[in-house]
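[1] build me a model:
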Amino acid sequence: MGQEIDLLVNYPRTKRNVDERGQTKSEEDRAVARQFGKEFFDGDRRHGYGGFNYMPRFWQPVIPTFQAHFGLDASSSVLDVGCAKGFMLHDMAELIPGITVKGVDVSAYAIEHGIDDMRPHLSVASAVDLPFPDKSFDVVISINTVHNLVRDDCARALREIERVARRGAFITVDAYRDEEERRRMMAWNLTAQTIMHVDEWTAFFDEIGYTGDYYWFIP
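    As a prediction, this is how the structure comes out:
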């Protein structure tokens, strides 16, 4: 199995008022968010991002970490599962000239409104059925996406990531280490359908044969 490693260590952290969010989010809001349409990305804040726009300060500090960890260069290929509008891939292509990048997302809205230079490289697809042959990419990355599926589909998605990756993979998922973190996660969560203790996630990875690297999103 892969290693627990925080490859997002340089991703800017934002101060989150978890308790306030928990008090204002309803199951109706979560149902709207889980459609991953305009309302989730660019609609009201209670349904998602409240405006999902490119900001270089988020992914540009992270790309060098990916590059060093996986040894990425111009000859490498990377797939982003759950790429949304392709912002991470845009920064990767800019900071590693010549690299081959592809992105898939279940949201037709996000793909249609992808950042201009990445649109030819993005497509609508589900993580449980990646439209690529076996071992198509050197590295597969999936940030805060797999947990949006029910448990059985999480397993299918991780097996798909395993299938199309040649050299490595990295995912992050919603998780908790203790009861306080679990309480905060449940208050914060808008789209995740599978949230587990970190020990349950690692046992799950082992059970289904996921061998990539991983880390946790904990608000």
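[2] low pLDDT regions in this protein?
    The chain contains residues with pLDDT under 70 at 15-23.
[3] let's check: the centremost residue of it is which one?
    Centroid-nearest residue in the chain: residue 143, 1.9 Å away (criterion: C-alpha atoms, centre = their mean).
[4] what's the closest non-adjacent residue to that one?
    Computed as C-beta to C-beta, 6 or more residues apart in numbering, the closest residue to residue 143 that is not its neighbour in sequence is residue 172, at 5.2 Å. For the C-beta atoms, the positions are set from N, CA and C on the backbone; glycine is no exception.
[5] confirm that the one you found sits in a helix.
    No. Per DSSP: H, G, I helix; E, B strand; the rest coil, residue 172 lies outside any helix segment and is strand.
[6] quick check, residue 148 in contact with residue 191.
    Yes. Residue 148 lies in contact with residue 191 (C-beta atoms under 8 Å); the separation is 5.0 Å.
[7] neighbour-wise, which of the two wins?
    residue 148 (23 against 16; other C-beta atoms under 10 Å).
[8] in its sheet, what does the host helix or strand of residue 139 sit against?
    Using DSSP states H and E, residue 139 maps to strand 137-143. According to DSSP bridges, strand 137-143 forms sheet pairs with strand 77-81 (parallel), strand 165-176 (parallel).
[9] any idea how far residue 181 is from residue 138?
    33 Å (C-beta to C-beta, to the nearest Å).
[10] more neighbours: which of those two?
    The residue with more neighbours, out of residue 138 and residue 181, is residue 138; 21 against 16, by other C-beta under 10 Å.
[11] can you get me a residue count around residue 78?
    23.
[12] again, but for residue 13
    8.
[13] quick check on it: phi, psi?
    Main-chain dihedrals, residue 13, degrees, to the nearest 10: phi -90, psi 140.
[14] quick one: the helices in this protein?
    With DSSP state H, the ranges of helices along the chain come out as 18-24, 27-33, 38-42, 56-59, 63-70, 87-95, 108-112, 151-164, 179-188, 198-208.
[15] what are the buried residues along the fourth one?
    Residues of helix 56-59 classed as buried: residue 59 (neighbour count, 16 or more other C-beta atoms under 10 Å).
[16] who does it touch, helix- and strand-wise?
    When contacts are defined as 3 or more C-beta pairs under 8 Å, 6 or more residues apart in numbering; DSSP states H and E, helix 56-59 packs onto helix 87-95.
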